[in-house]
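Trainee: Whatever this is, show me its structure:
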Amino acid sequence: MALEAMAPRPSSSSTRDTVDALIYGHIKRKNPCLLLEMFSMEKCRALESNDHNLKPDLLKTMWKNYRIQKRNAPKPNPKLDATKNLPEPKEERKESWKTDWMHGRFCRLKDPTKRVDLAIFHHFKAKLDFKALEELFDEDTSKEYEKLVEKIDVPRIERMLALHLLEALKPENRKHVMIFKCRLCKKDIKETGKALERHIGVHEDIPSYCFIEECDKHFRSYMALNVHIIRDHDLRAPEMNSTQYYRLQVAKMEYSRKASDFSDRYFPPESFVRFDDRKKKDVQKLEDPTCHECGEFIRDPRSRRSHVATHLGLTAKCVVEDCDSVLSHASLQTSHLTNVHKRKVNSLSEKELYAHKKRKVEFNKQMKEEVPKFFPIRTALKEESD
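Mentor: Coordinates of the predicted model:
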């Protein structure tokens, strides 16, 4: 069965009906006397039917999902300054929609009832339905919410609903790539790797400055910068010195953070189109999960690499200065940073990050050569048996 049939994109009319049912249910539980003031008798009958199919606390659940999603977005890291000592662009656009980064102030409101009420206030205010506002909110509350809406970027209920529905579809379609339609150019973009971020760079100028000596060029995106460094300076990440590699990673992280500011403009949840009907390719899934050296069955591909490193007797000293810990192998460095040092890779110093990069490149190269010896590709095994 095609996935489009399994996971159709909700129509605008069905979304509106669901939003109306959510508001109907909220008012019914809060002040049922207002229902006939808000909706016609015929509309109430239809919404009553829809309301029975919705969970009573769905509005609060939608907010929680939205908050979690935004909390996981990249945050500024004061220790990493990609533009330090570099010229600023001549003009920096200041747009009101960006003032409340990723709806952050709305997500930080502590009172769940207030969050829901504010979302409903914003919903009717956007529709210019002043009669509904008068029925639902007293004068003092309206004034309070009016002030909040002026300084808080409140997400539309339709957007929170779209995200909620999308999150519900993900578990059963985790092996399939999501496809979104850019709100500006209407191009379908598959969410593979950093494809959405790269596309944002097509429409937005997010300056990424070249850090090679005597080169003062800057580009609209990190990807364009990376191409420039490879093509014009004949320099790739594994060949960079510690300073160059550090600046490259800082540029990458800063671009990712700034591009995320624009994600809701170009690829909001409601721009989801469908899941790709082809499954994601995963070569590691083709590996025989049984170790040919010791016979141990290991399901997780990442654990297989750790297993091979143990067979090879690989060890690695922690890259953090003044730490004498010796790890059983390099792939444990990230978890060691988190569990022991309470740090992340992007908080490493220039010297530490360079050591981590070299270790990672060497480890991955070694695993590429050694893993097939312990966990061969199944197709190769089948050909041998034939």
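Trainee: roughly how far is the helix or strand hosting Asp20 from the heart of the chain?
Mentor: In this structure, Asp20 sits in helix 12-30 according to DSSP states H and E. With Cα atoms, centre = their mean, to the nearest Å as the basis, helix 12-30 stands 28 Å off its chain's centre.
Trainee: What average pLDDT does it get?
Mentor: Here helix 12-30 scores 74 as its mean pLDDT.
Trainee: Tell me the buried residues in that helix?
Mentor: By neighbour count on 16 or more other Cβ atoms under 10 Å, the buried set for helix 12-30 is 15, 18-28. (Glycine included, C-beta is placed from N, CA and C.)
Trainee: Show me what it is packed up against.
Mentor: Applying 3 or more Cβ pairs under 8 Å, 6 or more residues apart in numbering; DSSP states H and E, we find helix 12-30 packed against helix 35-38, helix 41-51, helix 58-71, helix 112-126, helix 157-169.
Trainee: out of the buried residues of helix 12-30, who's nearest Ser221?
Mentor: Taking Cβ to Cβ as the measure, Ser221 lies nearest Thr15 of the buried residues of helix 12-30, at 32.4 Å.
Trainee: Flag the shaky bits of the stretch 101-250 of the chain, pLDDT-wise.
Mentor: Filtered on pLDDT under 70, the stretch 101-250 of the chain yields the residue ranges 101-105, 107, 193.
Trainee: quick one, helices of it?
Mentor: With helices called from DSSP state H, counting those that start in this stretch, the stretch 101-250 of the chain shows them at 104-107, 112-126, 130-136, 139-151, 157-169, 195-203, 222-233, 242-260.
Trainee: now the ones you listed in a markdown table, with distance to Phe375 and mean neighbour count?
Mentor: Formatted as a markdown table, the helices of the stretch 101-250 of the chain follow (distance: least, Cβ to Cβ, whole Å; neighbours: other Cβ atoms under 10 Å):
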| stretch | distance to Phe375 | mean neighbour count |
| --- | --- | --- |
| helix 104-107 | 43 | 18 |
| helix 112-126 | 48 | 18 |
| helix 130-136 | 62 | 16 |
| helix 139-151 | 56 | 13 |
| helix 157-169 | 33 | 19 |
| helix 195-203 | 30 | 19 |
| helix 222-233 | 32 | 17 |
| helix 242-260 | 31 | 20 |
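Trainee: Would you mind telling me which of the ones you listed is nearest His356?
Mentor: Once these are compared by Cβ to Cβ, helix 242-260 is nearest, at 9.8 Å.
Trainee: ok so, going back, nearest approach to Arg183 belongs to which of the helices of the stretch 101-250 of the chain?
Mentor: helix 195-203 (9.7 Å).
Trainee: tell me what the longest helix along the chain is packed against?
Mentor: Assignment by DSSP state H gives helix 350-374 as the longest helix of the chain. The helices and strands touching helix 350-374, judged by 3+ Cβ pairs under 8 Å, 6+ apart, are helix 242-260, helix 301-312, helix 333-336.
Trainee: make it 6 Å
Mentor: Packed against helix 350-374 by the contact rule (3 or more Cβ pairs under 6 Å, 6 or more residues apart in numbering; DSSP states H and E) you find helix 242-260, helix 301-312.
Trainee: Let me have the ones you listed in CSV, extended by distance to Lys194.
Mentor: Below are the helices and strands packed on helix 350-374 laid out as CSV (distance: least, Cβ to Cβ, whole Å):
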stretch, distance to Lys194
helix 242-260, 7
helix 301-312, 21
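Trainee: mind checking which of those helices is nearest Asn173?
Mentor: The closest of these to Asn173 is helix 301-312. By Cβ to Cβ, the value is 20.6 Å.
Trainee: Flag every buried residue along that closest one.
Mentor: Neighbour-count burial for helix 301-312 [16+ other Cβ under 10 Å]: 301, 304-309.
Trainee: just curious, which of these is nearest to Lys351?
Mentor: Ala309 (24.1 Å).
Trainee: How far does the top strand by length along the chain sit from its chain's centre?
Mentor: Longest strand of the chain, by residue count under DSSP state E: strand 272-279. Offset of strand 272-279 from its chain centre (Cα atoms, centre = their mean): 17 Å.
Trainee: got the CA coordinates for that strand in PDB?
Mentor: Output of strand 272-279 as PDB, limited to C-alpha atoms (Å, rounded to 0.1, in the frame of the first residue of the first chain):
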ATOM      1  CA  PHE A 272       4.400  18.300   5.700                       C
ATOM      2  CA  VAL A 273       3.300  16.600   2.400                       C
ATOM      3  CA  ARG A 274       3.800  12.800   2.900                       C
ATOM      4  CA  PHE A 275       6.300  10.100   3.700                       C
ATOM      5  CA  ASP A 276       8.400   8.900   0.900                       C
ATOM      6  CA  ASP A 277       7.200   5.400  -0.300                       C
ATOM      7  CA  ARG A 278      10.800   4.200  -0.400                       C
ATOM      8  CA  LYS A 279      12.500   3.100   2.800                       C
END
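Trainee: That one pairs with which strands?
Mentor: Here strand 272-279 has these sheet partners by DSSP bridges: strand 176-181 (antiparallel).
Trainee: and the strand it pairs with, how far from the chain's centre?
Mentor: Relative to the centre of its chain, strand 176-181 is centred 13 Å away, using Cα atoms, centre = their mean.
Trainee: Stretch 368-382 too?
Mentor: With Cα atoms, centre = their mean, you get 33 Å for stretch 368-382.
Trainee: Contacts for that stretch next, please.
Mentor: Residues outside stretch 368-382 that contact it (Cβ atoms under 6 Å, 6 or more residues apart in numbering) are 286-288, 291-293, 304, 308.
Trainee: Among those, the buried ones, what's the PyMOL command?
Mentor: The PyMOL command for the buried members of the contacts of stretch 368-382 (criterion: 16+ other Cβ under 10 Å) is given here:
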select buried, resi 287+288+291+304+308
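Trainee: Just the ones of the contacts of stretch 368-382 in helices?
Mentor: Reading helices off the contacts of stretch 368-382 with DSSP H, I get 304, 308.
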